[in-house]
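Novice: sequence and predicted model, in that order:
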Amino acid sequence: MTSQVRGSGEFGEVVIEDWKGAGLLKPSAVKPVLATFEQPLVRKTLGRLCTADQQRLRESIESLFR
């Protein structure tokens with residue numbers, strides 16, 4: 001996730017439309033970099049995506065594997 005949003009987004013990048021509603025401090029986007037973390041490494045929740053942003057993110061992730 002990044003607050004360095006460049007407009008429409010690069011390939012696979014999903015701009016969070018409702019960033020305030022998600023509890024984020026700045027306009028943000030999810031970049032197409034997949035990683036896994038063990039639960040103890042997760043310090044806190046940054047926010048929660050609204051249903052529409054969740055769906056757009058899900059579709060973007062699925063398109064990376066097609």
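Specialist: Thanks, I have it.

Novice: mind listing what's buried along stretch 4-17?
Specialist: Buried residues in stretch 4-17, counted by 16 or more other CB atoms under 10 Å: Glu13, Val14, Val15, Ile16. Every C-beta, even on glycine, is put in place using the N, C-alpha and C of the backbone.

Novice: kindly apply the preceding question to stretch 42-55 instead.
Specialist: By neighbour count on 16+ other CB under 10 Å, the buried set for stretch 42-55 is Gly47, Leu49, Asp53.

Novice: hang on, the earlier thing: take the buried residues of stretch 4-17 and keep only those in strands.
Specialist: Secondary structure defined by DSSP state E assigns Val14, Val15 of the buried residues of stretch 4-17 to strands.

Novice: mind putting the buried residues of stretch 4-17 into TSV with pLDDT and distance to Pro40?
Specialist: As requested, those are arranged in TSV below (pLDDT from 0 to 100; distance: CB to CB, whole Å):
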residue	pLDDT	distance to Pro40
Glu13	89	29
Val14	91	27
Val15	92	30
Ile16	94	26
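
Novice: need the buried residues of stretch 4-17 in a markdown table with distance to Ser28, can you?
Specialist: Shown next, in a markdown table, are the buried residues of stretch 4-17 (distance: CB to CB, whole Å):
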| residue | distance to Ser28 |
| --- | --- |
| Glu13 | 11 |
| Val14 | 10 |
| Val15 | 8 |
| Ile16 | 5 |
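
Novice: how about the buried residues of stretch 4-17, which pair is most distant?
Specialist: The distance between the two most remote of these (CB to CB) is 10.4 Å, for Glu13 and Ile16.

Novice: how about the backbone phi and psi for the most far-flung residue of the chain relative to its centre?
Specialist: Largest separation from the mean C-alpha position in the chain: Pro40, at 20.9 Å (CA atoms, centre = their mean). Backbone torsions for Pro40, taken as degrees, to the nearest 10, come to phi -60, psi -20.

Novice: and the pLDDT for it?
Specialist: In this model, Pro40 is scored at 92, pLDDT.

Novice: for Gly9, same thing?
Specialist: 62.
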